[in-house]
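In: Okay, predicted coordinates and the sequence, questions at the end:
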Amino acid sequence: MTRNVAFTAGEALQVLSFEVGTQTYCVPVGTVREIRGVTPATQLPDAPPYVRGVINLRGQVMPVIDLSARLGKGLAQDGPRQVIIVIESRDDVAGLLVDAVCDSFIVAPEQINAPPSMGEDASPLVSAVITSDEGMVVLLSVDAIIPEKAAMAAAQAA
């Protein structure tokens, strides 16, 4: 399976880590446009359950994705450290609702591992697993997280 992982194999990668529930995940810094406070979203009918709604980001309508729900962990509980990480992939922009931002750091190429094979049920959301002395962090595929434009357009047209 080919994945757009927003990094080049064999090269160091700078990532932004964040918490969703009790687990730490990360995305390549190059896909992050900004980090902003949580603002109420306008709900869309027939949107996927993980899409909280849309917000206006300086004139651009952007979906807000509840990353906890997108990862199959249930809806996120509101918390004081919650933020929206605005990510870009190709021409798409979306906000990821996360529990807290942790850190930005550089990962050496030897720390970036392909996700383990789990048969046909391998998650397209996982680009790699980053290992370090502190533990493991899952590198998410930004392309797979953002809802399909067709699905969002259908929801907006409804």
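Out: The structure has been received and is ready for your questions. Numbers count the residues shown, from 1 in each chain.

In: doesn't Ala144 make contact with Ala94?
Out: No: counting by CB atoms under 8 Å, Ala94 stays clear of Ala144, with 11.6 Å between them. All C-beta spots, glycine's among them, are computed from the backbone N, C-alpha and C.

In: neighbour count winner among the two?
Out: Using other CB atoms under 10 Å as the criterion, Ala94 and Ala144 rank with Ala94 on top: 23 against 16.

In: residue contacts, that one?
Out: 62-65, 86-87, 145-147 (CB atoms under 8 Å, 6 or more residues apart in numbering).

In: Ok, Ala108 next?
Out: Taking CB under 8 Å, 6+ apart, one finds Ala12 in contact with Ala108.

In: Make residue 1 into 3 and carry on from there
Out: OK, 3 is where the count begins now, so the last one is Ala110.

In: residue boundaries of the strands in the chain?
Out: 15-22, 25-30, 34-38, 53-59, 62-68, 85-91, 94-100, 102-109, 114-115, 128-134, 137-142 (DSSP state E).

In: rewinding a little: what's the overlap in contacts for Ala96 and Ala146?
Out: Here Ala96 and Ala146 have no joint contacts, going by CB under 8 Å, 6+ apart.

In: show me where pLDDT drops low in this protein?
Out: 3-11, 121-124, 150-160 (pLDDT under 70).

In: hmm, 80 instead?
Out: Along the chain, the parts satisfying pLDDT under 80 run over 3-12, 119-125, 149-160.

In: now the end-to-end length of stretch 29-43.
Out: 23 Å (CA to CA, to the nearest Å).

In: Including neighbour count and distance to Glu136, could the contacts of Ala96 go into CSV?
Out: Converted to CSV, these look like this (neighbours: other CB atoms under 10 Å; distance: CB to CB, whole Å):
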residue, neighbour count, distance to Glu136
Met64, 19, 33
Pro65, 25, 32
Val66, 23, 30
Ile67, 24, 27
Val88, 20, 27
Ile89, 26, 24
Ile147, 21, 24
Ile148, 21, 29
Pro149, 17, 32
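
In: Noted, bye for now.
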